[in-house]
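Engineer: what follows is a predicted protein model with its sequence.
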Amino acid sequence: MNAVLIEDVQPVAEPGTGLVAKGDSISRIDGPAKVTGQARYAAEHSAPDMAYGVVVNSTIAKGRITALHLDEARKLDLFYKDMTAPGGSPFKPFYSDGVLYSGQPVALVLAENFEAARYAASLVQVTYEEEAHQTDLLANLNRSHKPSRLKAGFSPPPKPTGDADAAYEAAPVRIHADFYSGVEHHNPMEMHASTVIRSDDGHLTIYDKTQGAQNSRWMVSQVFGLSKNKVTVKNPFVGGAFGSGLRPQYQLILAVMGALQLKRSVRVVLTRQQMFTFGHRPETWQRVKLAAERDGTLKAVVHEAVAETSRLEDYVEVVVNWSGQLYQCDNVRLDYKLVALDQYSPLDMRAPGAAHGVHALEVAMDELSYALGMDPLALRLKNYAERDAARNLPYSSKELRACYAQGAERFGWASRPAAPRAMQEGNELIGWGMATGTWDALQMLARAGAVLHADGRLVVSSAASDIGTGTYTVMSQIAAAAMGLPLEKVTFRLGDSTLPFAPVEGGSSHVATVGSAVEGVCEKLQKKLWKLARAMPDSPFEVTASHEVECVNGCLQLIKMPGSAVPFSDILAAAGLDSIEEKYLMLPNALKQKNYVRATHSAVFCEVRVDEAFGTVRVTRVVSAIAAGRIISAKTARSQIVGSVVWGISQALHEETHSDHALGRFMNHNLAEYHVAVNADIHDIDVIFVEEDDRIVSRLGAKGVGEIGMVCVAAAVCNAIYHATGRRVRSTPMTPDKVMAPD
């Protein structure tokens, strides 16, 4: 089967499909290429002289290698810090004889085929001088420290407001709870891989599993001292990433190292087991204290968290800040610390920080509602925050009340019995729970380019990524709507480091960021068309202003005179042009945005059925009501939320990587033992998008949906389990042994 070039990925929507008219029905543009096997991923590109590399990983957690000689490697002045790295010194594979964590790559075996390399790698033996290690967070809480080196995008906890500790002690109703979340690993279907194709002139074309082609290119150029003109990184198709591709992983450096050493093309693919040898969602301990008046008014919020990091970097997440923002309270104290362990640096995983921090807050709020004898939803409405108290700023938009109302109505929350253990069917107890979610609405800078051809074809480009989120589709829709073209006339090019700048795809920011750049460049094209049209003989646009025209059905026309339409092809022909081109730099309006809190919100309602005898939990019904600005593509957005809810259920009931601390090693490093939700675990998921339009976050009115769909799903499951059984589980995952009825 022939491979599909990125330029060949064409829309499949019916002619005339528009952004607004049929947004619900538009299927993914890249769908046919993926389901027919024509889409090629990082490990599926070949070259005649390809060599295959297999990584050898360490078997100890800390110490020194005594039998490998790395003098030549030490001579290199390597610079490994990528665009998304936290503060500190990034891990450098093969840089020294030190072992910093179990599973560290210590050798690369190259061979003429993958099978030979894999077998040879199994024969490599490494001897070590082993040292004592520490991998247990809970055993080292006393060593916690304030983060000293921060990463971009991280906001440390705000200063305390009021006197939370005194208010807590004085309040008539109080709850105090500790929470624990184990390590989780990203497990996308496509494993991390890098294929380096070396041309005769030494140029490296790299197909990398990454969420940012330009980030990978930048790192390769820095590490090996190569001009960016000698390196091209491509990622046209990514088989899931969820944060694991935000930072270039070690196989990229090893593949390039092998290609430069052998002067030939090299491919390095990690095994599923090796997918557990780099970043992960960090193990986290939390303490939440809430106090209220008897009418439910919050008087004190205290939220403390301690998370793991590596010895090399202070990896940080926004864990506790949400507790000072989500509800109105005058007395708030938040604290966040780290413990350095002999592990690889943790790594952002879908909804980093919020997946843990909002979970703890929302379970604590549920506990407080029972202590008050108050409906959980009523408690949240009682303390609804119209402003961010810590910063005394309004929200750019906040339709959380609508999320509560529409979600509760769809779920049937009003008929929920207040007492636990009130509903049962057969041998299963039935429980209903709910929780609130929030996530940042981010926007960064980006560039876009566009070329309009005389035959009406529009090609728009940006070095964006599509990690399964629907970027191809949404950007094509935005461009088609802006230029008044049918979707099948638009091609969006992405996944190539030579294209106009785009940030890494993460934080639910691509639509607000790249989408705004796409609309901006199309607006510039429209103005160029208008200027050309004014110069045409007997032009109806001669004495008009640019804001008086619009693009409709491949034509330029006066807004107030539909009969004035002139086809794009006629305008370009009159000017003697085969095409016109524009570029656009999208810069966030920082002066305007700084005056607002920009966030997405959700309300999740959940039904569980619990068999106490076995501790099994079935999540039989979920309603997720989302406020995420203007929804550009309802079909892809809904898919994002459904996928997020599935992962939230997986976080709640299944996912955890277990360590043997005597060995300092993750033990269940495969999908047979690292449990994830499967089809049998998923039942009815209902998604509601409430009306919201936020022109402060983006010119499109859009925010983002990638993360918000997961935040608080696990909390809603936990709260439903309590309503079913009367037992509170304060650690994730909530496995049968924790849920099972006591003897």
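Structural biologist: Now that the structure is in, tell me what you want to look at. Numbering: from 1, shown residues only.

Engineer: and the next element down the chain from the worst-scoring helix or strand of the chain on mean pLDDT?
Structural biologist: Lowest mean confidence among the helices and strands of the chain (mean pLDDT, DSSP states H and E): helix 71-74, at a mean of 42. Per DSSP states H and E, the first helix or strand lying C-terminal to helix 71-74 is strand 87-88.

Engineer: look at the most far-flung residue of the chain relative to its centre and give its secondary structure.
Structural biologist: Here the chain reaches farthest from its C-alpha mean at Asp538, the gap being 52.7 Å by Cα atoms, centre = their mean. Under the three-state scheme (DSSP: H, G, I helix; E, B strand; the rest coil), Asp538 adopts coil.

Engineer: mind checking how far it is from Leu529?
Structural biologist: 17 Å (Cβ to Cβ, to the nearest Å). Every residue, glycine included, has its C-beta placed from N, CA and C.

Engineer: kindly report the same for Arg387.
Structural biologist: From Arg387 to Leu529 the distance is 44 Å (Cβ to Cβ).

Engineer: out of those two, which sits in the more crowded spot?
Structural biologist: In terms of neighbours (other Cβ atoms under 10 Å), Leu529 is the more surrounded of Arg387 and Leu529; the figures are 24 against 15.

Engineer: give me the phi and psi for the more buried one.
Structural biologist: Note on Leu529: its backbone torsions stand at phi -60, psi -40 [degrees, to the nearest 10].

Engineer: got a list of what it touches?
Structural biologist: Leu529 makes contacts with Leu452, Cys551, Leu556, Phe568, Ile571, Ile580, as judged by Cβ atoms under 8 Å, 6 or more residues apart in numbering.

Engineer: rerun at 7 Å
Structural biologist: Leu556, Phe568, Ile571 (Cβ atoms under 7 Å, 6 or more residues apart in numbering).

Engineer: quick one: which of those is most hemmed in?
Structural biologist: Phe568 leads the contacts of Leu529 on contacts (other Cβ under 10 Å) with 28 neighbours.

Engineer: quick check, that one in contact with Arg457.
Structural biologist: No. In this structure Phe568 lies outside contact range of Arg457 using Cβ atoms under 7 Å: 9.9 Å.

Engineer: give me the distance between the helix or strand containing Lys299 and the centre of its chain.
Structural biologist: Taking DSSP H and E as the criterion, Lys299 maps to strand 298-310. On the basis of Cα atoms, centre = their mean, to the nearest Å, strand 298-310 sits 22 Å off its chain's mean C-alpha point.

Engineer: who are the packing partners of it?
Structural biologist: helix 164-170, strand 284-292, strand 332-341 (3 or more Cβ pairs under 7 Å, 6 or more residues apart in numbering; DSSP states H and E).

Engineer: now those in a markdown table, with mean neighbour count and mean pLDDT?
Structural biologist: A markdown table is the format used below for the helices and strands packed on strand 298-310 (neighbours: other Cβ atoms under 10 Å; pLDDT from 0 to 100):
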| stretch | mean neighbour count | mean pLDDT |
| --- | --- | --- |
| helix 164-170 | 17 | 98 |
| strand 284-292 | 24 | 98 |
| strand 332-341 | 22 | 98 |
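
Engineer: what about the ones you listed, which gets the closest to Pro420?
Structural biologist: Nearest of the helices and strands packed on strand 298-310 to Pro420, taken as Cβ to Cβ: strand 284-292 at 19.3 Å.

Engineer: just the CA trace of that closest one, in CSV.
Structural biologist: C-alpha atoms of strand 284-292 as CSV (Å, rounded to 0.1, in the frame of the first residue of the first chain):
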residue,chain,number,x,y,z
THR,A,284,1.7,12.4,45.2
TRP,A,285,0.6,12.7,48.8
GLN,A,286,-2.0,15.4,49.8
ARG,A,287,-3.7,16.8,52.9
VAL,A,288,-6.9,18.8,52.7
LYS,A,289,-8.7,20.5,55.6
LEU,A,290,-12.0,22.2,55.0
ALA,A,291,-14.1,24.1,57.6
ALA,A,292,-17.6,25.6,57.2
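
Engineer: for that strand, packing partners?
Structural biologist: helix 164-170, strand 173-181, strand 298-310, helix 354-372.

Engineer: CSV please, covering the ones you listed and showing distance to Ser698.
Structural biologist: Shown next, in CSV, are these (distance: least, Cβ to Cβ, whole Å):
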stretch, distance to Ser698
helix 164-170, 35
strand 173-181, 32
strand 298-310, 30
helix 354-372, 20
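
Engineer: looking at the ones you listed, which is nearest to Gln343?
Structural biologist: Of all the helices and strands packed on strand 284-292, it is strand 298-310 that lies closest to Gln343, at 5.6 Å by Cβ to Cβ.

Engineer: sheet-wise, list the partners of the closest one with their directions.
Structural biologist: The strands beside strand 298-310 in its sheet (DSSP bridges) come out as strand 284-292 (antiparallel), strand 332-341 (parallel).

Engineer: out of those, nearest to Met734?
Structural biologist: strand 284-292 (15.6 Å).

Engineer: domains of this protein: list them as residue ranges, please.
Structural biologist: 6-34+444-587, 42-131+188-271, 140-184+280-442+594-739 (automatic domain parsing).

Engineer: would you map the strands across the stretch 401-550 of the chain?
Structural biologist: Secondary structure of the stretch 401-550 of the chain by DSSP state E, counting those that start in this stretch: the strands cover 423-425, 428-440, 446-453, 458-461, 490-493, 549-552.
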